[in-house]
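1. need a 3D model of the sequence below.
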Amino acid sequence: MRLLVLNGPSLNLVGEREPSVYGRETWSEIEDRLRLRAAHLGVELVFAQENGEGGLIDVLQRERRDVQGVILNPGAYTHYSYALRDAIAAVSLPVIEVHLSLPEAREPFRHRSVVASVCIGRIAGFGALSYDLALEAFVRRAAGPAEDGDTPR
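-> Next up, the predicted model:
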């Protein structure tokens, strides 16, 4: 399985930017950890980060045939980018929306996600672990239902 990990504006500054909100682990450290975990799970990760809305859309469209899913942290575009929402719908890939912080626990303008309706799931509020959880969700989803039939994977 090959997954795209796509980050929006200012996520390249994780570890420096508001560490009380986003944590002290740098994006480079998060990426290194995710690569190791993915290799252990037999997953290849492709990483991209764009500060501009159009850049995010370009990456989604460019990678759409080469990946089986997307772990997406749209940053502030979560709350108002209908263009990004439409691009997610257009590429017909499973997308998990990820956030380091819990948007609903922050300012009111962050409480609404316009991309959530075209994503298969959302993981938020666990800091950098949110990415690990999304990776695990894709792996379990690809494996199919659990043997006991009660817990989806």
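2. residue ranges in this structure under the pLDDT threshold?
-> By pLDDT under 70, the low-scoring segments of the chain are 18-19, 21-23, 105, 107, 110, 146-153.
3. ok, now with 80
-> By pLDDT under 80, the weakly predicted segments of the chain are 15, 17-24, 102-111, 145-153.
4. now do the helices in it.
-> 19-22, 27-41, 53-63, 82-91, 129-143 (DSSP state H).
5. now render these as a markdown table, adding mean neighbour count.
-> From N, CA and C alone the C-beta is placed, and that goes for glycine too. Below are the helices of the chain laid out as a markdown table (neighbours: other C-beta atoms under 10 Å):
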| stretch | mean neighbour count |
| --- | --- |
| helix 19-22 | 12 |
| helix 27-41 | 15 |
| helix 53-63 | 17 |
| helix 82-91 | 17 |
| helix 129-143 | 18 |
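6. quick one: closest of these to Met1.
-> helix 129-143 (5.8 Å; C-beta to C-beta).
7. what packs against the closest one?
-> For helix 129-143, the packing partners by 3 or more C-beta pairs under 8 Å, 6 or more residues apart in numbering; DSSP states H and E come out as strand 2-7, helix 27-41, strand 69-73, strand 95-99, strand 121-124.
8. adding distance to Ala87, write the ones you listed out as JSON lines.
-> Formatted as JSON lines, the helices and strands packed on helix 129-143 follow (distance: least, C-beta to C-beta, whole Å):
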{"stretch": "strand 2-7", "distance to Ala87": "11"}
{"stretch": "helix 27-41", "distance to Ala87": "23"}
{"stretch": "strand 69-73", "distance to Ala87": "10"}
{"stretch": "strand 95-99", "distance to Ala87": "10"}
{"stretch": "strand 121-124", "distance to Ala87": "17"}
